[in-house]
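A.B. asks: sequence first, predicted coordinates after that:
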Protein chains: 2
Amino acid sequence: QLDSNRALLRSCAPRASPRPVKNSPPSSRRSNRPPRPPRRDPMLSGDQGLPDGIGMARLAWSRLPTADGAAPLPEGPAASAPAQDELFVGAVESLDYEVIENYAYREEQAQRSKFWVPYYIMLKWFFALLIGVGTGLAAIFINLAVENFSGWKFTLTFAIIQHSYFVGFLVYILLNLALVFSSVYIVTQFAPAAAGSGIPEIKGYLNGVDTHGILLFRTLVGKIFGSIGSVGGGLALGKEGPLVHTGACIASLLGQGGSAKYHLNSRWVQIFESDRDRRDLVTCGCAAGVAAAFRAPVGGVLFALEEVTSWWRSHLMWRVFFTSAVVAVVVRSAMNWCDSGKCGHFGAGGFIIWDISGGQEDYSYQELLPVAIIGVIGGLLGALFNQLTLYITKWRRTYLHKKGKRVQIFEACLISLITSTVSFVLPLLRKCSPCPELETNSGIQCPHPPGTDGNFVNFYCSKDNEYNDLATIFFNSQDDAIRNLFSAKTFHEYSAQSLITFLVMFYSLAVVTFGTAVPAGQFVPGIMIGSTYGRLVGMSVVKFYKKLNVDEGTYALLGAASFLGGSMRMTVSLCVIMVEITNNLQLLPLIMLVLLISKAVGDFFNEGLYEEQARLKGIPLLDSRPKQVMRNMNAKDACKNQKVVCLPRVSRVVDIVSVLQSNKHNGFPIVERGQNGESLVIGLILRR
Amino acid sequence: QLDSNRALLRSCAPRASPRPVKNSPPSSRRSNRPPRPPRRDPMLSGDQGLPDGIGMARLAWSRLPTADGAAPLPEGPAASAPAQDELFVGAVESLDYEVIENYAYREEQAQRSKFWVPYYIMLKWFFALLIGVGTGLAAIFINLAVENFSGWKFTLTFAIIQHSYFVGFLVYILLNLALVFSSVYIVTQFAPAAAGSGIPEIKGYLNGVDTHGILLFRTLVGKIFGSIGSVGGGLALGKEGPLVHTGACIASLLGQGGSAKYHLNSRWVQIFESDRDRRDLVTCGCAAGVAAAFRAPVGGVLFALEEVTSWWRSHLMWRVFFTSAVVAVVVRSAMNWCDSGKCGHFGAGGFIIWDISGGQEDYSYQELLPVAIIGVIGGLLGALFNQLTLYITKWRRTYLHKKGKRVQIFEACLISLITSTVSFVLPLLRKCSPCPELETNSGIQCPHPPGTDGNFVNFYCSKDNEYNDLATIFFNSQDDAIRNLFSAKTFHEYSAQSLITFLVMFYSLAVVTFGTAVPAGQFVPGIMIGSTYGRLVGMSVVKFYKKLNVDEGTYALLGAASFLGGSMRMTVSLCVIMVEITNNLQLLPLIMLVLLISKAVGDFFNEGLYEEQARLKGIPLLDSRPKQVMRNMNAKDACKNQKVVCLPRVSRVVDIVSVLQSNKHNGFPIVERGQNGESLVIGLILRR
C-alpha cells in the first residue's frame, strides 16, 4: 500500500532539484514557468556513451543519497543567504524502496557469483556491528564532553561564589555563552542540517522521503560537536534526539562506504547501493542512537520500530536487536573504564539511568486517581507544547531566519543569556530552607558539599544547615536535576512554590529554545517538565493519603512519562525506555496507564511532536493505511491541476528527452491503448 | 508485497472445500478429477434473487471465518474417522485482507451515516477492552484450576507417603491419569482443533491463511478445560501457548458477535465483517494471551508484533498495548483478591514471575565465556528439539493418528503413566543429601515442611535434616520447579548427577509429549530444560571462578532464555518476557547475548519451532519479502502444471457459472487483449 501511495506521489509531484528551490507558495510552483536549461544527465551525456546493461541497471536501482558534493550550500551567488527553512521545504525527494525488476536487474542478478549472497549477508552484519560500535563511541564521547564541561563550569562557579556572587554570575553566563556560541557557529556555518533533533527528518527518510543534507558527514560532525556545546551550555534541550540522528548518519555513511567529498569512501563496500539497503542500515542506526542515549537497548529497538520506521521485517528486527546489544556492550565497557576515575567529572553522575530503586515498591487502588490526573496534565501540557513550538517555528521561519545566519547566531546567544540569567537569579531570590532531619544511613547529606552531585544544594544560604530547593533543580546540570527530582525518601525537599516557578520558567525556556539553530533533543526537557508537575502531584498525594506508602519521586517519574507521552505520543517504546532508564519494573502498569491517558488526551488536540514538525518541514509522511478521506479520492484529486505527463509504451529517444526537459516530474506513467480505445496504465517509469 | 504474493497464491491454488480433503499427495490433487456437483451458491440461488448493490458488496468484502455450522465434523458418514491431520493439511483457505474497492463497496461507504466512523472506532476500543478482560479472566481461571489441582494432588500424595510410598505412588499416578484423560477426551471428542499450542495456526491466520476450526467457540472451551487437565496432570508441557490461542479465540468470537452455532451471536456488533478487522482483533487477542500467561504486558505486545503478525500498523500497536494493559490490571486485581487466601492453593506459588532479585547484581567479563557456551548449548538443543518433534509429529501422523481417536486417547494416557512413573520413581532411587548450613535470615528452610512450596524437598529421606535434590525439581509442579532452579543463594543444592538425569529425562518426555492430542505449550518445558543445563554451567562457573560473585540461579535463567531462543527463535519479545517474568533488568545485556548466540546457532540447522510446525500442518507462511530464489521465478513456475483459468473483461453469467463449476480455484485473473494482440492482466476476481 505504502509503496503504491509513494509511487502516486512521485508521479505527480515535481522533482526537487538538487539545489533547493526558493520557498514559494504552491500556486507559483504550479504555474507554467519556462523550462529550465536541462541538466546534463549522465544517461545521455556523450562521455559515457549509452551504458551497457549492467551500467543501466546500476543507474536504475542504485543511487547514493543526496551526495556530499551535489549542492555545496555555501558556494554560488544564489546561496549567499540560504535560510535554513529552504533546506527543508521543497527540497525533499522520494526514495525508491521498490526493487525495479527490469531486464537489466535480472541480468545483474544472474551475473552475481555464488559468493555474493553470503558476502552481502556477512557485510550487513558487520555493518550492524560497526554501527553499534560507532554510535556507542559517539555517545560516550558526547557524554564525556558534556559532563566534563558542565562539571568544570559548576565547580568553577561554585568556587567563585564563595567570594563574590556577582563575579560568579558573570563567569557562569560567559561560559554558557561561549559553549552555545560554539554550537550555533558550527551548525550555521558548517552543517545547517544538524540543527534541531533530526528525528522528523529521519522519520521522513525511513518513510521514503530524502531531506537534503540530512545524512552527510558534516552533518554528523556538526551534530556531535554542536550538541556538546548546546547541552554543555545549559540550554533547555537534550542530547538524546541528536544521538538518534548521529546513529543514523553513521549508518548511512557506512552504507555509502564513506564520504565522497572528504575522500573517505572505498568502493569495495559500496554494494549497499539500493535505497532499501540503506534504509535498513539507517533503521539500525536509529535504534543504536536510542540505545546509546538512554542505555536502553530494548527501548532502542522499539523506538526504531514504533516511531521511525514505516517498513519492517522480522529479519531486520533481529539485526536491529544485535546493533542495540553491541551498543550496550560498548557503553558498559566505557562505563567500567570510567569507574576507575579516569574520566574527570564523568562519574556516578554521568549517563542517564536515574535509579529509583529506593522508592515505592507497590501502589494501591486509591493512587489510580492522582495517576490519572498526571496523565491528563501530561496530555494537556504536551499538546500545548506541540502547538506552541509549531507557532514559534512558523513565526521564526517567516520573520527571523530569513535574515541570515547572523540573526540565528544572535538568537541562540540571546536565549543562552536569558537561560543563564534565569537559572542563576531566580534561585538567588528564593529563601533558603532549613535542612530536614535525615536518617543517618541514608547516604544523603544536607547541604551536600559543593562540587559534588546530589540533593540539597547550598546556594546563597546564610546558615550552614540550610539549602536552596530551587537551586537544587535549576542551578544544576539537567541530568542531576532529574536525578534530584526522581530521588526517593526526600519528602518535603521541594516547596510547591519552587516547583511551580521552575515549571513555568523551564516550560517557557524549552518552548523558546526549540527551533534555534543548535542540535536539540526534546526528551530531557520533557522529562524535566514532567517530573516537576509529577512531583507536585506527588506532594499533594503524600499530604492527602497520609497512611499510604507513597513516594514523591515515583510521581515525578510518572509525570515525566506522561509529558513525553502527551508530546511525542509514543507508547510501547516510551514505556520500555522509562522502565530501562529508571531500572524499575514495578511501576510498569502505572507507566502504561499514564501513557495511555496522556496520549489519548494529546491526540484530541493535535498530532505528535515529530509529525507536526515533519509536516512543517514539508516532509510528506505517509501512513501505512490510507486515511478514510482518501478512500473516495481519485489520483486526479490528488494531483489537482498538476498535469501528469504520460509516455507511450514505445517511444523515441528524442521524445523522451524533450519530455524530460519540459518538466521536473520524477515519474511518468506508461499508458497503452486497449482494444476498445480505452487507456490502460501498464507501469511507471522513473526520470532516471 | 505480501498482499500480491497472497493473491498469486490464491489464483492458482485450488480452493479448499469446507469439508477437509483427504490428505492425498499433491500429484493426485492436480489430476483432472470429474467436477464435483456444484455447491448451491447463495449469489445464484433463486430464493434470494440477484442481490442489490449493498448485498453484493457485503458478499464481496465480508465473510465470517469458517463458520461453526459449516462443517460439523462428527456428523455424516465420511467423518466417521476424521484423523486429526486431515484437519490441518489441505483445509487451509486464504483470507482476504485487501479491501476490494469495487462499485458496491463505494456505494456502501457513501451510505454510511456520519456516526458510523466514531461508532466503529469506539467499538474497536471497546472490543480491545473486552478481549483484555476476557483473556485475563480465562488466564486466572486456568491458573486457579491448575494450581489447585496440582496443590491437592501433591498435598494428598505427600500425606499418603508418610505411611506408604506405594499407595502414594498409585494415588499420584491415578490422579494424573484422570486429569490427562479428561483433557484428551475433551479435545478428541469435542474440539480437535484445540490440540497443540495453537500458535502456528494463529500465526498462519494472521499471515492470511485460515485453518479450519481454529477460532471456534468449542475450540476455546476445549482449550481452556483441556489445558487445565493436561497441565494439572503433570505432563511435560505448559499452559502459555494455549493461552495465546485462547486469547485469539476470544477475540475472534467477539469480532463475529458471538458463536452462530450456540445462539450467542448478536447482529448489532457484526460490523467487523472484513477479514482485516478480525485480523486486528486476533492480534490483540494474541498479545493479551501472552500478557496474561506471563504477566508480561510489554512482552505480549512484542510477541504479537515479532512472532505472529505479518501486518502491522502503529495504530494497531497502540490498541494492542491498551489490551495488554487491561490484562495486567485484571490479573493484578485477581492476584490482590487471592492474597487474602480465598483461592486455595493459588497463593505465593501461583502465576509465573520467578523473582530472582536476591541473585547476582553484576557480572564480569570473564563470565562472558560461560554465557556464550550456554548460548551455543541452547542453540544446539533447541534445534535438536525442533528436529525431533518434527520427526515424531510426522511419524505420529503417518502411523498413529490415522487409527482414530481411541489411539490418541490411549497414547496420551500412556505418556501420562510414563511421566508420573518417571517423576516418582527416579527421585526414589536418588540418595538424599544432608542439608547445607543456611543463613538463618534467608527465609529458606531445609527440608521445607511438606505441603508448602520451596526448595529442599524431603522425599524418601531417612533423616530429618536431609533433602532429595531430584525430587525438588522432578516431583513438583513445573512452576515451583522453575522457581527452585532459578533460586538464588542456594549453592550446591543440586548435584550435577541429578541435574543431568533430570535434563535427559525431561527433554525426552517433552519431545514425546509434543504432538499428543492435548493443549500443549512449549514455553514452560523449554524454561525447565534450559534452566537445568544453565544451572549445570553455573555450577561449574562457581567452581572455576571462585572469587567472582556468581549465582547459579542467574545461569539457570540464562539457560532458559537460550533454549527458548534456540527453539522458538524469537529475540526482542523473548528478551522482554524473560525480563518481565524474572522482574530483573540487570541481566538484560546477558540475556540479549545468549539469545543472539542461540538463535544464530539454531538458524544454522533448521527453522523455528512454529515455522516448522506450520509447514508440517500445511500452512503456507509467506515472508514479508520474497526469498532470493523467488526473484527469478515467474508466476508460471509457481503454478507448475496447475492451469490458471482466466476470464475476459466482459463475460456472460452462464460462462461464469460454468467456469466456477468446472474448477475449485479461488481467484480468476481478468485478461484483456492489448492493441498489439498481447494479453494484459487487468485484475483478479475472487470466486465469491
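C.D. replies: It's in.
A.B. asks: for the stretch 351-500 of chain A, give the residue positioned nearest to chain B.
C.D. replies: Chain B sits closest to residue A:365 of the stretch 351-500 of chain A, with a gap of 8.5 Å, by Cβ to the nearest Cβ. C-betas here are computed from N, CA, C, even on glycine.
A.B. asks: can you count the residues close to that residue?
C.D. replies: By the criterion of other Cβ atoms under 10 Å in any protein chain shown, residue A:365 has 9 neighbours.
A.B. asks: and what of residue A:138?
C.D. replies: 22.
A.B. asks: excluding residues flanking it in the chain, which one is nearest it?
C.D. replies: Nearest non-adjacent residue to residue A:138, counting by Cβ to Cβ, 6 or more residues apart in numbering or on different chains: residue A:246, 5.2 Å away.
A.B. asks: name the helix or strand for the one you found, please.
C.D. replies: Using DSSP states H and E, residue A:246 sits in helix A:240-256.
A.B. asks: counting by contacts, list what that helix packs against.
C.D. replies: For helix A:240-256, the packing partners by 3 or more Cβ pairs under 8 Å, 6 or more residues apart in numbering or on different chains; DSSP states H and E come out as helix A:116-161, helix A:199-207, helix A:217-232, helix A:275-294, helix A:523-544.
A.B. asks: swap the cut-off to 10 Å and go again
C.D. replies: The contact analysis (3 or more Cβ pairs under 10 Å, 6 or more residues apart in numbering or on different chains; DSSP states H and E) places helix A:240-256 against helix A:116-161, helix A:199-207, helix A:217-232, helix A:275-294, helix A:297-303, helix A:314-337, helix A:523-544.
A.B. asks: most neighbours per residue, which of the ones you listed?
C.D. replies: Counting by mean count of other Cβ atoms under 10 Å in any protein chain shown, helix A:297-303 has the highest mean neighbour count of these, with a mean of 31.
A.B. asks: and chain B, is it touching that?
C.D. replies: Yes - Helix A:297-303 is in contact with chain B by Cβ under 10 Å from any Cβ of the partner chain, via A:297-298, A:301-302.
A.B. asks: now for that helix, which elements pack on it?
C.D. replies: Where contact means 3+ Cβ pairs under 10 Å, 6+ apart, helix A:297-303 is packed against helix A:240-256, helix A:275-294, helix A:314-337, helix A:572-582, helix B:297-303, helix B:572-582, helix B:588-605.
A.B. asks: residues contacting residue A:175?
C.D. replies: Shown in contact with residue A:175 (Cβ atoms under 10 Å, 6 or more residues apart in numbering or on different chains): A:149-150, A:152-154, A:156-157, A:232-234, A:420.
A.B. asks: repeat that with 7 Å
C.D. replies: residue A:153 (Cβ atoms under 7 Å, 6 or more residues apart in numbering or on different chains).
A.B. asks: buried sites along the helix or strand harbouring it?
C.D. replies: Using DSSP H and E, residue A:175 sits within helix A:165-190. Neighbour counts over helix A:165-190 (16 or more other Cβ atoms under 10 Å in any protein chain shown) mark A:168-169, A:171-173, A:175-188, A:190 as buried.
A.B. asks: any idea how far chain B is from the most centrally placed residue in chain A?
C.D. replies: Residue closest to the mean C-alpha point of chain A, counted by Cα atoms, centre = their mean, is residue A:199 at 3.0 Å. Relative to chain B, residue A:199 is positioned 15 Å away (Cβ to the nearest Cβ, to the nearest Å).
A.B. asks: tell me how far that residue lies from residue A:281.
C.D. replies: To residue A:281, residue A:199 is 17 Å away according to Cβ to Cβ, to the nearest Å.
A.B. asks: any idea how far stretch A:607-617 is from the chain center?
C.D. replies: With Cα atoms, centre = their mean, to the nearest Å as the basis, stretch A:607-617 stands 12 Å off its chain's centre.
A.B. asks: check stretch A:369-378 too.
C.D. replies: Computed by Cα atoms, centre = their mean, the chain-centroid distance of stretch A:369-378 equals 27 Å.
A.B. asks: would you put the C-alpha positions of it in PDB?
C.D. replies: Presented in PDB, the C-alpha positions along stretch A:369-378 are these (Å, rounded to 0.1, in the frame of the first residue of the first chain):
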ATOM      1  CA  LEU A 369      -6.900   8.800  40.600                       C
ATOM      2  CA  PRO A 370      -3.800  11.000  41.000                       C
ATOM      3  CA  VAL A 371      -2.000   8.900  38.400                       C
ATOM      4  CA  ALA A 372      -4.900   9.500  36.000                       C
ATOM      5  CA  ILE A 373      -4.700  13.200  36.800                       C
ATOM      6  CA  ILE A 374      -1.000  13.200  35.900                       C
ATOM      7  CA  GLY A 375      -1.900  11.500  32.700                       C
ATOM      8  CA  VAL A 376      -4.400  14.300  31.800                       C
ATOM      9  CA  ILE A 377      -2.000  17.000  32.800                       C
ATOM     10  CA  GLY A 378       0.700  15.400  30.600                       C
END
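A.B. asks: can you tell me what sits against it?
C.D. replies: Identification of contacts with stretch A:369-378 by Cβ under 7 Å, 6+ apart yields A:530, A:533-534, A:537, A:541, A:555, A:558-559, A:562-563, A:565-566, A:590, A:593-594, A:597-598, A:601.
A.B. asks: buried ones in that stretch?
C.D. replies: Across stretch A:369-378, burial judged by 16+ other Cβ under 10 Å covers A:370-378.
A.B. asks: what does stretch A:385-397 give?
C.D. replies: Neighbour counts using 16+ other Cβ under 10 Å place A:385-386, A:388-390, A:392-393, A:396-397 of stretch A:385-397 among the buried residues.
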